[in-house]
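Peer 1: Structure here, sequence nowhere to be found:
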């Protein structure tokens, strides 16, 4: 029985250890997605081993800024959180990283109106798919390409 509990603890620790902020390092850089009506960009840089800072911007196709949000990924007490500060909310909205495997990262806040869930999936070094949803099938997808300097 002790061996079984030790193995279960080891497996649980291994799964939890994967969900470290360092698992999200492939997101660092500049990303850009184009929809029918806008161009969405997201950029991330590492501030420390416990924090990444980001910025999300949405421009119309003519280049005018429509929306902006300050982003942060932080590791606190062994958990990772995605924080988004948008101008229409007085405080940042926090989403907890609830799963991370195979370059797929799911953040969730069931108490938020919308979105409740953010799914980041790194499909390759230069392609990132982000699903923004209510967790029940309603939402939208952004297909980001890595924006290399000089492009």
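Peer 2: It's in. Everything numeric in this text was worked out from a predicted model, so none of it was measured.

Peer 1: Could you double-check that residue 141 lies in contact with residue 121?
Peer 2: No. With contact defined as Cβ atoms under 8 Å, residue 141 does not count as touching residue 121 (10.0 Å). To be clear about C-beta, it is placed using only N, CA and C from the backbone, and glycine gets the same treatment.

Peer 1: okay, and the common contacts of these two?
Peer 2: Common neighbours of residue 141 and residue 121 (criterion: Cβ atoms under 8 Å, 6 or more residues apart in numbering): 129, 130, 131.

Peer 1: Quick check: ChimeraX command selecting the buried ones in the residues you listed.
Peer 2: For the buried members of the shared contacts of residue 141 and residue 121, the matching ChimeraX selection, counting by 16 or more other Cβ atoms under 10 Å, is:
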select :130
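
Peer 1: Strands of this structure, residue ranges please.
Peer 2: Using DSSP state E, the strands of the chain run over 29-34, 38-48, 51-60, 65-76, 79-86, 93-101, 104-108, 117-124, 127-133, 139-146.

Peer 1: circling back to that earlier point, residue 49: which of the shared contacts of residue 141 and residue 121 is nearest?
Peer 2: Using Cβ to Cβ, residue 130 comes nearest to residue 49 of the shared contacts of residue 141 and residue 121, at 24.0 Å.

Peer 1: Quick check: closest non-adjacent residue to the closest one.
Peer 2: Of all residues not flanking residue 130 in the chain, residue 142 sits nearest, at 4.6 Å (Cβ to Cβ, 6 or more residues apart in numbering).

Peer 1: For that neighbour, which residues are in contact?
Peer 2: 33, 35, 40, 129, 130, 132.

Peer 1: And for residue 133?
Peer 2: 115, 116, 117, 119, 139, 140.

Peer 1: of the contacts of residue 142, closest to residue 80?
Peer 2: residue 130 (16.3 Å).
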